[in-house]
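[1] sequence and predicted structure are below.
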Amino acid sequence: MTDFPILTAIIATPLIGAVVVALLPGRRPELVRAVGYAFSVATLGLACWLLADFSTKKVFFQFVENRPWLPSIGSRYIVGVDGISLFMILATALLIPIGLLASQRYPTQRPKAFTAWFLLLEFSLMGIFLSLDLIVFFLFWEILLVPMYFLIQGWGHGRRQYAATKFFIYTAAGSSLMLASTLILGFIHQSQTGVLSFDYRVLAAWSWHGLSSTTEVLLFFGFLAAFAIKVPLVPLHTWLPDVHTEAPTAGSVVLAGVILKMGAYGLLRFSLELFPHASVDLAPLLLTLGVIGILYGAIVAAMQKNLKRIIAYSSVAHMGFVIVGVFSLTVIGLDGAVFTMLSHPLTTGALFLLVGMLYERRHTYEIAEYGGIWRSAPLLTALFLGAMFAGIGLPGFSGFIGEFLSLAGTFVSRRPWAVAGVVGVIFAAVYMLWAFQRTFMGKPTGINLKLPDVNLREVMVVAPLLALSLFLGLYPKLAIERVEPSLKRTIVNLELKTHFREKRPKGYAPTKLPDGVTASQSIQLGRGAP
Amino acid sequence: MTPPIVHPTVNWLAISPEIALAAAGVFIVMLRSVLRRRPIVVPLCTVVAISGVVAAGAVQYRLWHLLRGHRAMTTIAGMVRVDPFGVFLGVVVLIATVMALLLSVAYLRREGLEAPEYFALILLSAAGMLVMTTANDLIVVFLALEVLSIPLYVLAAFDRRRLSSQEAGMKYFVLGAFSSAVFLYGVALTYGATGTTSLTGIARFLANTTLLDQGTLLGGIALLLVGLGFKVAAVPFHMWTPDVYQGSPTPVTSFMSAATKAAGFAALIRIFGVAFPLYRSDWRPAVWALAVLSLVVGNVAAVIQTDVKRILAYSSIGHAGFILIGFQANTSRGREAALLYLFVYAFMTIGAFAVITIAARRGDDHHSLDDYRGLALERPVVGGLLIFFVLAQAGVPFTGGFVAKLEVFSAAAQAHEYALLIIGVLASVVGAFYYLRIALTMLSARPDDAPEPGGLLRRVDPWSGIVLVACVALVVVVGVVPGTFVHWARDATFLL
């Protein structure tokens, strides 16, 4: 392994790109775009390098960097990657250049600012998925609002100002409670041990025995406020359809693809490790919310008249599968959750891109305006068909693996919830097929007769996503073998810290850490280990 | 034979920053009477004023290095105590002063208000503020309060042709005089209870004596809090703030918001930290209530305002609430947080008012949100800067505003003030809403028939440019690499 600080490079490259783009002359849009592509592709290259260098043997964080940042409150710049974050990094690095490419012709105004904000968005996402210090994590978590806000506000549709403000306030409200909980957690740790640190590994090694059960539950809810809004869990999801409907295509792709995963990632990374008792005790509640999300999202999606809203609500349903998988508290379920987190960006990203192409042609998302597109744009229809089946979870595509594993894990540990969740799979087919039928099938009328088909650039935008989804659906081992060590560690830590015992299918031995990793190393998340 | 009068010894170095400012102010008045109306007088006075501030700053720099290792100089019979705490806030005051002066140059020319008295008044007020940061005696605090306030009353009404400016001056004067009286009454009651006005004397007396009847002292403490609460614009003593901020000439508003707040908090923290630490269980709940009220009223009332200067006035009330969180914690972390907040706030607020000074049309009374519509689209740099400063005030990460808020919140968390902490974080979300409103307005297109924003002034004058660059640089640097600044603030928390 080299000493090259690859994680910092992954965080810094988009930031440098944004600054460079901001300094370029605004009169040269093609130059701005080229520089934007260059930096986002460079980041993708770094992420692929990370994937190649990532060791499947290691349980703990890899490529860790640790530098002081704000000594007065013991906050340090600590970054590291494990199986849980690795694929979020890759998904982000993949979607950003695709989003830029998709926005080449539309929106047309102010390409320079658009590119700069988009790269800043990537910067904050990379920071979120790599930070291991709770304060620095919050820093990136909160800064994300700014580029997202300006992207929606500046390049969205219709009621974009309303949507942008709603997005900002909703998420800021949740994350402010997370900040309060973080600070309380850190200072309780200081009063008990005398060490002021916001290193997530330090706090995770202490909080399970250092907090009273009431405090733990309260802090769990403080973090949950931020994560649940981002996921979104059902009573807190009302911002999502509005924001998706008004956001520009590239914004929607990243929003659905990666930003929604931030909540699930937070639950998986922070809630389970920092508040193990509360996570185990409150798992039924979250499972219920997850199942409600699956069913509610699907039913509401079926009722929508707006194409983008359908996909937005389908995201609520898909994220329900992620939550169910996480709180099944089985390795299989967690596998499913992380796999869905990887697969959903590909499928939903493709769907949003295709809907965006329809919008570029007709400037509307209303299904009633469309019909019979297959005749004038057969290739577009074919791509949509593929993306739709990938999204529904047709076996062979990645969506199937994720949903199957999530539900299988839940079936082992909490059967009734799994049974209820399976119904959502059928609903998904209903709303997607119905939307497809109304939009693409039938007899075309008026302007729908003469819609131009997709061009090469548009195919290039969507095809890689579908190909990857197909590839992962056929060969999931690539992801699973990198993700699973981290997930096993998570489950083993839960078992070490609480009375919880993972439910395994009959005949399966309990989950074990790999040889050479001790229980105390695992609880400390490998801090100090070579 | 009367005994000879004993003169207290004077450490001239310790009080030379104040002398530099006052001397420059007096010199300007003299120049004015000698040179009369010659055209040279205004530029000359500007130069004199700025060199006065720079000289004071150079002395503060020297004092900072002398005193940094937790030392203090007490002089004039214990009336003045120069310590890192006082020097730190003194520097904040000086920074605010020099930036307000730089902003004033182009502003006064545009408004046809060029007069040397303006500079003299700002310098005298700043001298009063410096006295306030180092005052170690209630009488000196009162003196400083008057010296800093009276020039400000005049400055608020300086644009005397504009009715709102007159109104601001009048309102500030009446309420300010009232609050000074309240403060003086507090001094009297405290003297009655303890027999001294020296802060260290009070602390010594209270440490050695048990008061049988605490009513007088508690009354005194309460009145002191009210008097200073007025100066820092804490709710419910904030009534003057929106009108005065709105009506005053904008550079004066920027000076008031940054420097007066620093001076007021200097006195507040020093009096309560030095003289009444034993009575903290009595005053901390009162400060808690002030903090909560300021956070809630400041941030909620700002939401319904339609005038940008008024919005920023309410936001300054909200910021006072955040600083009070640090003060309320009554720990060294809390003081450190309050100091850092005051430092960062000076740059954020002066930056914002600098943009408003530039963007305003001649007459300085078109500040409704509609007047700012489309500003960021038509003048991306100027508008973008205002967006940057309001986002920094909202506490967006990688700006100084975030670090300052983080420090304040962590002080509350460490002091187990969880209710205050949660009210604070939620108030900052409400705050984000109206800051975004300003940003949104500037980013949305202007109706075709509306007058062009930033009408006459097409170019940013170099002096304002310096201020803007300095503010942006500081706010970003504190946000990205806060270590050094936090370290300074920590060195400055040493009080006793």
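    Cool, got the structure.
[2] would you tell me which helix is longest in the chain?
    Defaulting to chain A. When chain A is parsed with DSSP state H, its longest helix is helix A:160-193.
[3] I was after chain B.
    Once chain B is assigned using DSSP H, the helix that runs over the most residues is helix B:163-194.
[4] which residues sit in contact with the residue of the stretch 201-350 of chain A found nearest chain B?
    Relative to chain B, the nearest point of the stretch 201-350 of chain A is A:G222 (8.9 Å; CB to the nearest CB). C-beta here means a position set from N, CA and C on the backbone, and glycine is covered the same way. Residues near A:G222 by CB atoms under 8 Å, 6 or more residues apart in numbering or on different chains: A:177-178, A:180-181, A:184.
[5] neighbour-wise, which one of those residues leads?
    Neighbour counts for those (other CB atoms under 10 Å in any protein chain shown) peak at A:S181, which has 28 neighbours.
[6] and B:G264, that's in a helix?
    Yes: secondary structure of B:G264 (DSSP: H, G, I helix; E, B strand; the rest coil): part of a helix.
[7] how about the lengthiest strand in chain A, does it reach chain B?
    Longest strand of chain A, by residue count under DSSP state E: strand A:62-70. Yes: using CB under 8 Å from any CB of the partner chain, we find that strand A:62-70 touches chain B at A:68-70.
[8] ok, and the most crowded of those?
    A:L70 (22 neighbours).
[9] wait, doesn't it sit right on B:V486?
    Yes: in this structure, A:L70 is within contact of B:V486 by CB atoms under 8 Å, at 6.6 Å.
[10] spit out the residues that contact the two alike.
    With CB under 8 Å, 6+ apart, A:L70 and B:V486 have common neighbours B:V403.
[11] chain center to the longest strand of chain A: distance?
    Remark: strand A:62-70 is offset 24 Å from the chain centroid, using CA atoms, centre = their mean, to the nearest Å.
[12] low-confidence stretches in the stretch 101-250 of chain A?
    A:106-107 (pLDDT under 70).
[13] residues from it in reach of chain B?
    Proximity of the stretch 101-250 of chain A to chain B, by CB under 8 Å from any CB, involves residues A:135, A:138-140, A:142-143, A:145-146, A:149, A:153-154, A:161, A:164-165, A:168-169, A:172-173, A:176-177, A:179-180, A:183-184, A:186-187, A:190.
[14] just give me the neighbour total for B:V481.
    Counted with other CB under 10 Å, B:V481 comes out at 12.
[15] and it, what are its phi and psi?
    phi -120, psi 80 (degrees, to the nearest 10).
[16] that one and A:S75, how far apart?
    B:V481 sits 12 Å away from A:S75, going by CB to CB, to the nearest Å.
[17] kindly report the same for B:S444.
    Applying CB to CB to B:S444 and A:S75 gives a distance of 37 Å.
[18] who's more crowded, those two?
    More crowded of B:S444 and A:S75, by other CB under 10 Å: A:S75, with 26 against 16.
[19] what sits against the nearest residue to the more buried one once chain neighbours are set aside?
    Excluding the flanking residues, the one nearest A:S75 by CB to CB, 6 or more residues apart in numbering or on different chains is A:I135, at 3.9 Å. The contact partners of A:I135, taken as CB under 8 Å, 6+ apart, are A:69-70, A:73, A:75, A:182, A:186, A:198, B:406.
[20] got those as TSV, with distance to A:H318 columns?
    Shown next, in TSV, are those (distance: CB to CB, whole Å):
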residue	distance to A:H318
A:W69	35
A:L70	37
A:I73	37
A:S75	34
A:T182	28
A:G186	34
A:F198	32
B:L406	34
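[21] quick one, what contacts whichever residue of the stretch 351-500 of chain A sits closest to chain B?
    Per CB to the nearest CB, A:H363 is where the stretch 351-500 of chain A lies closest to chain B, at 18.8 Å. Shown in contact with A:H363 (CB under 8 Å, 6+ apart): no residues.
[22] torsion angles phi and psi at it?
    Note on A:H363: backbone dihedrals following degrees, to the nearest 10 are phi 60, psi 40.
[23] quick one: it and A:L101, what's the gap?
    21 Å.
[24] my guess is B:P397 contacts A:L144. True?
    No: between B:P397 and A:L144 there is no contact under CB under 8 Å: 9.1 Å.
[25] thinking again about what came up before, tell me the buried residues in the longest helix of chain B?
    B:164-173, B:175-176, B:179-180, B:182-191, B:193-194 (16 or more other CB atoms under 10 Å in any protein chain shown).
[26] do stretch B:381-401 as well
    Buried, per 16+ other CB under 10 Å, within stretch B:381-401: B:382-401.
[27] can you tell if it touches chain A?
    Yes: residues of stretch B:381-401 contacting chain A under CB under 8 Å from any CB: B:391, B:396-398.
[28] how far away from the center of its chain is that stretch?
    19 Å.
[29] where do the strands of the stretch 1-150 of chain A begin and end?
    Using DSSP state E, counting those that start in this stretch, the strands of the stretch 1-150 of chain A run over A:62-70, A:75-81.
[30] can you list the ones you listed in CSV and add mean pLDDT?
    Shown next, in CSV, are these (pLDDT from 0 to 100):
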stretch, mean pLDDT
strand A:62-70, 88
strand A:75-81, 91
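[31] that older thread, how far away is the residue nearest to A:S75 from B:T399?
    With distances taken as CB to CB, A:I135 is found 15 Å from B:T399.
[32] which strand or helix spans the closest residue to chain B within the stretch 401-530 of chain A?
    Nearest residue of the stretch 401-530 of chain A to chain B: A:R527, at 22.5 Å (CB to the nearest CB). Using DSSP states H and E, A:R527 falls within no helix or strand.
[33] what is the neighbour count of residue 48?
    No chain was given, so I picked chain A. A:C48 has 13 nearby residues by other CB under 10 Å.
[34] look at chain B instead
    Other residues near B:V48 come to 20 when the count uses other CB under 10 Å.
[35] next one: A:G210
    Around A:G210 there are 16 residues (other CB under 10 Å).
[36] and the closest residue to it other than its chain neighbours, how many residues sit next to it?
    Nearest non-adjacent residue to A:G210, counting by CB to CB, 6+ apart: A:Q192, 5.5 Å away. By other CB under 10 Å, 12 other residues sit near A:Q192.
[37] how about A:T193?
    By the criterion of other CB under 10 Å, A:T193 has 12 neighbours.
[38] check contacts around it.
    Going by CB under 8 Å, 6+ apart, A:T193 touches A:206, A:210.
[39] what about it, distance to A:H209?
    A:T193 is 11 Å from A:H209, where distance means CB to CB.
[40] what packs against the longest helix of chain B?
    For helix B:163-194, the packing partners by 3 or more CB pairs under 8 Å, 6 or more residues apart in numbering or on different chains; DSSP states H and E come out as helix B:138-156, helix B:199-208, helix B:215-231, helix B:240-247.
[41] go again using 6 Å as the cut-off
    helix B:138-156, helix B:215-231, helix B:240-247 (3 or more CB pairs under 6 Å, 6 or more residues apart in numbering or on different chains; DSSP states H and E).
[42] tell me which element the residue positioned nearest the centre of chain A is part of?
    The residue lying closest to the centre of chain A (CA atoms, centre = their mean) is A:K261, at 2.1 Å. According to DSSP H and E, A:K261 maps onto helix A:260-266.
[43] what's the lowest-mean-pLDDT helix or strand in chain B packed up against?
    Among the helices and strands of chain B, helix B:375-378 carries the lowest confidence by mean pLDDT, DSSP states H and E, at a mean of 82. Under the contact criterion of 3+ CB pairs under 6 Å, 6+ apart, helix B:375-378 touches helix B:380-394, helix B:418-443.
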